[in-house]
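# Just a sequence and a predicted model for now, questions to come.
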Amino acid sequence: MPIQVIFEKCTGCTVCVKVCPFDAIRMMDKKAVINLDKCTLCGACAPACKFKAILLEKSEAGSPKSDLRHYKGVWIFAEQRKGKVQPIAFELLGKARELARDLETDVSAVLLGDRLEEEIQELIWRGADKVYVVEKRELANYLDEPYTNVIVELIKKYKPEAFLCGATTIGRSLISRIAIKIKAGLTADCTDLAVDKEKKMLLQTRPAFGGNIMATIICPAYRPQMATVRHKVFPESPSDMKRKGKVIRENLDGPILESRTSLLDIIDEIESTVNIGDADIIVAGGRGMKTPENFKMLEDLAKALGGAVGASRAAVDSGWMPYSHQVGQTGKTVCPKIYIACGISGQIQHLVGMQSAKTIIAINSDPYAPIFKIANYGIVADIFEIIPILTRRLKEVCKK
Ligand SMILES: Cc1cc2nc3c(=O)[nH]c(=O)nc-3n(C[C@H](O)[C@H](O)[C@H](O)COP(=O)(O)OP(=O)(O)OC[C@H]3O[C@@H](n4cnc5c(N)ncnc54)[C@H](O)[C@@H]3O)c2cc1C
């Protein structure tokens, strides 16, 4: 039994009932009884019991790693598709450099594939001090099993203290498998990463409870500290061709490269809609736009600026704009040079999708709208008055 109550010690004080977040403990005949269908073995009850009446048996997965000091360096997974490293890797490298500075360590990229010479160099120019490379025909394209096996081997051998991965389709599939195999934790979909400089620990921030709060998660007892980050949350690190780095090639062979699945074909998706994820300028509208027709006004402004139109979930839910334009926690994460928020209040679920934009301009009639707290420029005005004036003026300026 992984958890049990020692009845002789239980005094019926009910503290465990109160601390159990899963409502799994009830009092019967003044003794605590645990409902194993509800209990998740989270461990909240055992330390709360002053009488040591709850015994929680730690599984291997639950036993903290004792040799944390041996884990060094921040690693990123350099996702490649068709032999080209994806922008998410450069975004992770930029953040990893900041984290490594605070952790007083170095940054490494892990690159798997086949014939990747130019990409290795680019990773160094973009911020990697070391690149761990495994080049094999079997790794040319992503496959769950060999990629997981190879990275697990590398982690076991080199022991990084943090491992970051893009929250892409590939990244999500890969890192969860790695986490299970090495028995580490994983914080998915982080919107920010920082370091507790005193404890030298990774602070992993992500929306929780339906996006109503931002939770900062730590992993004090397990290594590596693992997190995924969505595309466009962090800016790409610039390329510095003077940077030098070390290339560590691992020659792995045999069953480690085997896969029960095989890749038949890669079919490129044909995008029929505008990809706001790639736009440098986004003009986004919210509930304040009031009708779908009024989005034409934003399209004109976006056209004058050479940008794309985004929308809040309220606007999308109202059917004013298609979902592919939605910015935010359940929409796209964008990182344009300029983001103009029109009639958007600035709820946290919207902000997590656009807060890393370089310049944020907010137009809202309510001077207390939360969007103004993160805006670089704020215009307190009626959108229906200000946007036509702005568009006209921009067209005039652009003509000159
Ligand atoms: C789990 C979850 C996930 C979510 N995911 C997302 C997400 O991905 N993206 C997202 O956007 N939201 C998301 N939401 C919803 C989010 O909480 C907000 O409800 C939503 O962002 C509000 O949209 P809004 O700012 O357009 O509307 P409102 O909050 O209603 O704001 C409208 C704003 O327009 C202003 N306004 C009105 N008329 C004018 C005018 N004439 N001129 C100028 N200003 C005017 C008002 O002052 C107000 O500030 C999510 C919520 C949950 C619970």
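Everything's here; your move. Numbers count the residues shown, from 1 in each chain.

# Quick one: residues contacting the closest residue to L92 other than its chain neighbours.
Leaving out its chain neighbours, the residue that sits closest to L92 by C-beta to C-beta, 6 or more residues apart in numbering is I76, at 4.0 Å. (C-beta placed from N, C-alpha, C; glycine too.) The neighbours of I76, taking C-beta atoms under 8 Å, 6 or more residues apart in numbering as the test, are 89, 92-93, 96, 107-110, 128, 163-165.

# which stretches of the stretch 151-300 of the chain form strands?
Under the criterion DSSP state E, counting those that start in this stretch, the stretch 151-300 of the chain carries strands at the ranges 162-166, 187-190, 192-196, 201-208, 213-217, 225-229, 246-249, 281-285.

# Can you add mean neighbour count and give those strands back as TSV?
Shown next, in TSV, are the strands of the stretch 151-300 of the chain (neighbours: other C-beta atoms under 10 Å):
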stretch	mean neighbour count
strand 162-166	28
strand 187-190	20
strand 192-196	18
strand 201-208	20
strand 213-217	13
strand 225-229	26
strand 246-249	13
strand 281-285	28
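
# which one of those lies closest to I124?
strand 246-249 (7.9 Å; C-beta to C-beta).

# that older thread, pull out the buried residues from the contacts of I76.
By neighbour count, with 16 or more other C-beta atoms under 10 Å, these hold 89, 92-93, 96, 107-110, 128, 163-165 as buried.

# follow-up on the earlier one: show me the contacts of I76 that map onto helices.
With DSSP state H as the criterion, helices contain 89, 92-93, 96 from among the contacts of I76.

# how about the residues of the stretch 301-400 of the chain near the ligand?
312-315, 326-331, 343-345, 347, 349-350, 353, 363-366, 369, 382-384 (C-beta under 6 Å from any ligand atom).

# List buried members of these by neighbour count.
Among those, those classed as buried by 16+ other C-beta under 10 Å are 312-315, 326-329, 331, 343-345, 347, 349-350, 353, 363-364, 369, 383.

# ok so I389 is a helix residue?
Yes - counting by DSSP: H, G, I helix; E, B strand; the rest coil, I389 falls inside a helix.

# That one and F209, how far apart?
Separation of I389 from F209 (C-beta to C-beta, to the nearest Å): 41 Å.

# Adding pLDDT and distance to the ligand, write the buried ones among the contacts of I76 out as TSV.
Supplementary listing: those in TSV, determined by pLDDT from 0 to 100; distance: C-beta to the nearest ligand atom, whole Å:
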residue	pLDDT	distance to the ligand
A89	97	25
L92	98	22
L93	98	26
A96	98	26
V107	98	31
S108	98	33
A109	98	30
V110	98	31
A128	98	32
F163	98	27
L164	98	23
C165	97	22
